[in-house]
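In: Predicted model and sequence below, questions to follow.
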Amino acid sequence: MSRVLDSDLKYALGTRAIHAGQRPDPTSGAIMTPIYQTSTYAQDALGINRGYEYARGKNPTREALERNIASLEGGVHGFAYSSGMGCLDSIMKLFKSGDRIVCTNNLYGGTPRLFDRILVNFGLKFTYVDTRNLQDIEDAMAGGDVRGLMIETPTNPLMWLTDIAGAAEIAKRHEVILIVDNTFASPVLQRPLELGADIVYHSTTKYLNGHSDMIGGCAVVRDDNLATRMQFILNSAGAVPGPFDAWLVLRGTKTLHLRMAAHDVNGRRVAAWLADRYGAERVAYPGLPSHPQHELAKKQMKGFGGMVSVETGSRNAAAKLMNGLKVFTIAESLGGVESLVNHPASMTHASVPEERRRDLGISEGLVRFSVGVEDGDDLLADLEHALTG
Ligand code: PLP
């Protein structure tokens with residue numbers, strides 16, 4: 001656990017992205033945080049150490065990242081993990097057998113896999129509701145034993161939004177912990193803690209790292225007691241990142257504000273192009289005025305980002321579009337500088353049972369784009385060629 005310094009917070013986000021949590025190395029003056037590739041730390045004498053004992057508990061490279069991300073999210077305590085799922089698994093360890101967690105029904109496919117195939121075996125209970133509708137959340141609270149509310153917004157891959165402030169109000173009233181997966185937006189575009197969430201988490205594999213060269217996760221909280229419990233779980237269960245991976249994310253966050261601005265510009269252009277070719281009603285992008293929650297997006301987000309989905313109509317149409325692309329690469333994952341294209345039904349959401357996929361609208365024709373920061377004209381030309389070529 002690393003606590004953000006008050007002095008970090010007086011600067012704007014773009015300045016904090018580059019500096020928060022980092023100081024020149026005291027021994028050499030090195031500008032970049034060193035990669036402390038060590039498992040343990042020498043103690044000065046029996047019972048006397050310099051605050052570090054064993055690297056599962058604390059590592060200075062990891063601490064710099066934790067402070068940096070805590071600062072970006074407007075939080076107080078940051079935690080870094082070995083993956084987004086490792087992070088979520090650790091968060092779920094805050095609960096105990098018999099507790100119920102109410103969740104968004106459209107989540108990254110690995111999330112319900114963790115909940116329904118692993119954590120249910122330890123007595124946790126999950127209720128999936130359409131959290132776009134606050135009344136559905138309210139109704140689910142009556143289910144009994146509810147201790148957590150977990151939302152993803154925008155969702156992967158349907159780009160549904162949940163009103164974070166509205167969900168936070170319900171969570172507070174029912175005294176449940178509100179957890180928000182902020183992976184798609186990043187703290188540049190959306191800061192759930194400022195809207196009342198208790199825990200915000202990320203797959204840092206995505207935008208925070210931004211270069212598709214590591215797997216990681218992070219969580220940020222404001223409350224000291226919650227932080228103490230999270231640190232206890234992190235150290236006890238041990239889903240910590242290695243220092244090199246922590247360093248890669250730390251290098252990524254230095255350009256997060258610049259990359260997100262570029263993703264946003266290209267995302268809007270790709271969404272508009274898809275709306276023109278396929279019809280706006282088939283394109284899921286919160287920045288389009290046709291998105292049913294566009295007003296909410298404008299209220300709680302500071303931009304709309306680079307994630308766009310389109311309903312092409314059939315698996316064949318999806319395959320033709322995807323196979324014809326040259327600049328976009330067919331791949332799982334998202335949030336890197338390079339543009340990727342994904343078929344949720346057979347890739348990221350293949351683990352979601354077919355019936356649930358169908359109910360949600362994750363069809364065989366759905367294609368999801370992670371729009372990168374290449375030249376926007378090249379991206380549109382690539383799409384045009386794939387569709388018509
Ligand atoms: N949350 C979202 C929204 C994701 O898209 C993903 C991965 O795609 C995860 C969580 C899981 O993160 P990781 O792959 O780093 O374990």
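Out: That came through fine.
In: Quick check: residues of the stretch 101-250 of the chain near the ligand?
Out: Tyr108, Gly110, Glu152, Asn156, Asp181, Thr183, Phe184, Ser203, Thr205, Ile215, Gly217 (CB under 6 Å from any ligand atom). Where you see a C-beta, it was placed from the backbone N, CA and C, and this is true even at glycine.
In: Filter the residues you listed down to the ones in strands?
Out: For these, membership in strands holds for Glu152, Asp181, Ser203, Gly217, with DSSP state E as the criterion.
In: The residue of the stretch 201-350 of the chain found nearest the ligand: what's it in contact with?
Out: Proximity to the ligand, evaluated over the stretch 201-350 of the chain using CB to the nearest ligand atom, is greatest for Ser203 at 3.0 Å. Contact analysis of Ser203 by CB atoms under 8 Å, 6 or more residues apart in numbering lists Ser83, Gly84, Met85, Cys87, Tyr108, Thr183, Gly216, Gly217.
In: pLDDT check: weakest of those?
Out: Least confident of these in the model: Tyr108, at 94.
In: Distance-wise, check the one residue in the chain that gets nearest to the ligand relative to Gly21.
Out: Nearest residue of the chain to the ligand, counting by CB to the nearest ligand atom: Gly84, 2.2 Å away. Between Gly84 and Gly21 the distance, using CB to CB, to the nearest Å, works out to 20 Å.
In: on that earlier part again, quick check, nearest of the contacts of Ser203 to Met307?
Out: Of all these, Met307 sits closest to Thr183, with 9.5 Å by CB to CB.
In: Test my guess that that closest one contacts Val200.
Out: No. Using CB atoms under 8 Å, Thr183 is not in contact with Val200, being 9.9 Å away.
In: Please compare these two by neighbour count and tell me which comes out ahead.
Out: Val200 (31 against 24; other CB atoms under 10 Å).
In: surely that one meets Val220?
Out: Yes. Counting by CB under 8 Å, Val200 touches Val220, with 5.2 Å between them.
In: Which SSE is immediately downstream of the worst-scoring helix or strand of the chain on mean pLDDT?
Out: Least confident helix or strand, the chain: strand 2-3 with a mean of 74, by mean pLDDT, DSSP states H and E. Next along the chain after strand 2-3, taking DSSP states H and E as the criterion, comes helix 13-19.
In: Show me the contact partners of that following helix.
Out: So helix 13-19 is contacted by 8-9, 11, 68, 71-72, 187-188, 253-258 (CB under 8 Å, 6+ apart).
In: ok so Leu193 is a helix residue?
Out: Yes. When classified by DSSP: H, G, I helix; E, B strand; the rest coil, Leu193 is found to be part of a helix.
In: ok, it - contacts?
Out: Counting by CB under 8 Å, 6+ apart, Leu193 touches Glu73, Gly74, Gly75, Val200, Val220, Val221, Arg222.
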